[in-house]
Every structure is written in structure tokens, then in C-alpha cells.
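**Q** Predicted model and sequence follow; I will ask about them next.
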Amino acid sequence: IANGAFEGCTELASITIPNSVTYLSGFSGCTGLKTITIPDGVTKIGNEAFEGCTGLTKVEIPDSVTEIGYDAFKGCTGLTNIDIGNNVTSIANGAFEGCTELASITIPDSVTEISDYVFKGCTGLKSILISDNVKKIGYSSFFECTGLISVTIPDSVIEIGGSAFKECTGLTNVVIGNNV
């Protein structure tokens with residue numbers, strides 16, 4: 001499903017996607033969309049796929065998905081829960097930027113880099129679990145995550161980008177691994 005295919009369909013409340021779909025995009029600005037079931041056939045969630053879907057509250061990304069495109073869920077302000085599948089290797093820039101109601105996130109073992117701006121402005125984010133396979137935390141990855149209280153950066157991380165945790169005003173405890 002190509003970029004822009006159903007863009008701006010503000011009254012669209014639900015979609016049924018067949019297992020034959022491998023590339024999923026095209027629903028940005030569908031503000032009435034509440035839930036999405038991503039079928040097991042999908043391997044990539046495209047750029048801006050669900051950007052600005054403010055009514056979306058929960059997303060389960062199946063293990064078949066290996067890539068999440070840039071700004072895929074950016075500005076999904078109603079999103080409270082994201083389950084990222086165990087085979088996602090790439091989460092592109094800004095994928096979850098501005099998801100203000102998102103409270104926690106677990107980065108799966110398959111991810112080796114947290115890209116730039118991925119969780120920027122996720123003000124409701126209180127906890128993150130960074131896997132032991134992450135080597136790099138990108139520029140402004142968690143910028144303005146004002147609800148974040150504690151962060152443990154594992155020994156696997158060798159680089160923390162500029163402004164990665166800038167303006168995380170609620171942050172009271174940081175543990176940085178030995179290899180940065």
C-alpha cells in the first residue's frame with residue numbers, strides 16, 4: 001500500500017489489511033483511525049505511514065516487520081502502547097516523534113541503533129528499556145522526553161549522539177555503560 005494512498009481520510013475508523021501486503025504505508029492524517037492490525041505478511045512500515053493519526057491508541061508490530069520508516073507514527077498523540085516485533089532491525093528517524101501519550105517502550109534485541117529523533121517530544125515517556133545489542137543512540141533521540149525519570153545505557157552502546165537526552169527535565173537517574 002503506497003505512500004499517500006488513503007492520506008487524510010479523517011473519518012476512516014478501521015482497516016482490514018490482507019496478509020498479502022508486504023509494504024504498509026499511506027494512512028497519514030487519518031485522525032479517526034483508532035486501531036490497526038498489521039498482518040504477518042508486512043515486512044516494512046513505510047515512511048509517514050500513520051503520521052498524524054491522532055486517534056490511534058495501540059499498535060502491535062508483528063515479528064515479520066524488519067523496518068519502520070521515518071516519521072511512520074510521528075504525531076500520533078493518542079498512542080499509549082507500541083509493541084515492536086522481535087525482528088525489527090531498523091527504526092528510522094522520527095518514527096515515534098511527538099507521541100505524547102506513549103508511557104514506555106522496549107527496544108528489541110534486533111535493533112542495533114536508535115536513530116535520530118525517534119522518540120523526540122514523547123513527553124509522557126516514563127521508561128525505556130534499551131537492549132544490550134544497541135550500539136548507537138542517535139542525535140536528539142529522546143530530546144524533550146520530559147517525563148523520563150531514569151535511563152540505563154547498556155555496555156553495548158559506544159556512541160551517544162548530541163542532544164540525545166536534551167531537555168529531559170524529569171530525568172533524575174542515568175547509568176552509562178562502560179564502552180561509551
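**A** Arrived safely, thanks for sending.

**Q** Going by C-alpha atoms from here, please, whenever you check contacts or count neighbours.
**A** Will do.

**Q** contacting residues for Cys96?
**A** To be clear, residue 96 is Phe; Cys isn't right here. The neighbourhood of Phe96, defined by Cα atoms under 8 Å, 6 or more residues apart in numbering, consists of 71-76, 118-120, 122.

**Q** can we see that at 6 Å?
**A** Phe96 makes contact with 73-74, 118-119 under the criterion Cα atoms under 6 Å, 6 or more residues apart in numbering.

**Q** Closest one of those to Lys135?
**A** Val118 (15.2 Å; Cα to Cα).

**Q** Need the nearest residue in space to the closest one, chain neighbours excluded.
**A** Gly94 (4.0 Å; Cα to Cα, 6 or more residues apart in numbering).

**Q** where in the protein is pLDDT low?
**A** Within the chain, no stretch has pLDDT under 70.

**Q** could you pull out the strands for it?
**A** In the chain, the strands defined using DSSP state E lie at 23-24, 35-37, 44-45, 58-60, 67-68, 81-83, 90-91, 104-106, 113-114, 127-129, 136-137, 150-153, 159-160, 173-176.

**Q** quick one: which of the ones you listed is nearest Ala5?
**A** Of all the strands of the chain, strand 23-24 comes closest under Cα to Cα, at 10.2 Å.

**Q** Next, format the strands of the chain as JSON lines and append distance to Thr16 and mean neighbour count.
**A** Listed next are the strands of the chain as JSON lines, based on distance: least, Cα to Cα, whole Å; neighbours: other Cα atoms under 10 Å:
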{"stretch": "strand 23-24", "distance to Thr16": "12", "mean neighbour count": "22"}
{"stretch": "strand 35-37", "distance to Thr16": "7", "mean neighbour count": "17"}
{"stretch": "strand 44-45", "distance to Thr16": "15", "mean neighbour count": "22"}
{"stretch": "strand 58-60", "distance to Thr16": "14", "mean neighbour count": "17"}
{"stretch": "strand 67-68", "distance to Thr16": "20", "mean neighbour count": "23"}
{"stretch": "strand 81-83", "distance to Thr16": "19", "mean neighbour count": "16"}
{"stretch": "strand 90-91", "distance to Thr16": "24", "mean neighbour count": "22"}
{"stretch": "strand 104-106", "distance to Thr16": "26", "mean neighbour count": "16"}
{"stretch": "strand 113-114", "distance to Thr16": "30", "mean neighbour count": "22"}
{"stretch": "strand 127-129", "distance to Thr16": "31", "mean neighbour count": "16"}
{"stretch": "strand 136-137", "distance to Thr16": "35", "mean neighbour count": "22"}
{"stretch": "strand 150-153", "distance to Thr16": "38", "mean neighbour count": "18"}
{"stretch": "strand 159-160", "distance to Thr16": "40", "mean neighbour count": "16"}
{"stretch": "strand 173-176", "distance to Thr16": "42", "mean neighbour count": "11"}
